[in-house]
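>>> Structure, please.
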Amino acid sequence: MTAILYPVAADAEAALKAPIARCAREREAAGAAREAVVFVTEPVGPPYASREAALDAHAGKIEDERPGHVLTLVPEDRYCRLAEVIEGRPPVPAQPTLEGGRRWPAPKAPPRTAWRLQVSYWRLASAVPRAEGRQARQARKQAREPLDYQALNALARQPMRAVRPQQPLDIGLFETRPPEAPHIIMPDE
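Now for the predicted structure:
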């Protein structure tokens, strides 16, 4: 079985154009980059209105099964894929109506979607964007008007940070510290 050789790069654009190396495993990628790496999948490039337009724009990077355009990639090169994403705000969830023998209302128009190229690669740990600004809870409380969904998504994607430093762990119910070595926690029977 052949493994996918994912690019090692600082960002998704560099992964497509000029990767440092291509590796299947994290250890190999870290060795090639000479630093820690993180596996990510990110969208690249503009959104396309149809799948055909996206396949035409990224010919050679994605498997294409359309007649006349058939392209099958070797397993090592399958690190790109197309994904259909919702443009704008997602639709509001439907409420059950229980009218006329039907539980759910007639569906509204489907949301507008677009096709984006998704690239999976080993991102350099030094290139990972650091979380800046306030925590999400503080930002939402201090906002003068409600935040839009894009700002909330950006806040939700930030890594979690502690509100205050973590306190030392408590000793369990059946554990004790011996008087001659208070730095050791022993099980108590």
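
>>> going forward, measure contacts between C-alpha atoms and count neighbours the same way
OK.

>>> Stretch 23-32: how far from the chain's middle?
Going by Cα atoms, centre = their mean, to the nearest Å, the spacing between the C-alpha centre of stretch 23-32 and its chain's C-alpha centre is 20 Å.

>>> Repeat that for stretch 142-157.
Distance, stretch centre to chain centre, for stretch 142-157: 18 Å (Cα atoms, centre = their mean).

>>> How are the helices of the protein distributed by residue range?
12-17, 26-33, 51-57, 136-142, 149-156 (DSSP state H).

>>> I'd like these written out as CSV, with distance to Ala114, mean neighbour count and mean pLDDT added.
As requested, the helices of the chain are exported to CSV (distance: least, Cα to Cα, whole Å; neighbours: other Cα atoms under 10 Å; pLDDT from 0 to 100):
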stretch, distance to Ala114, mean neighbour count, mean pLDDT
helix 12-17, 19, 17, 91
helix 26-33, 32, 17, 93
helix 51-57, 8, 16, 91
helix 136-142, 28, 13, 73
helix 149-156, 17, 13, 76
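
>>> For Pro90, which of the ones you listed is the nearest?
When the helices of the chain are compared by Cα to Cα, helix 149-156 sits nearest Pro90, at 9.2 Å.

>>> quick one: which of the helices of the chain is nearest Val85?
That would be helix 51-57 among those, by Cα to Cα, at 11.3 Å.
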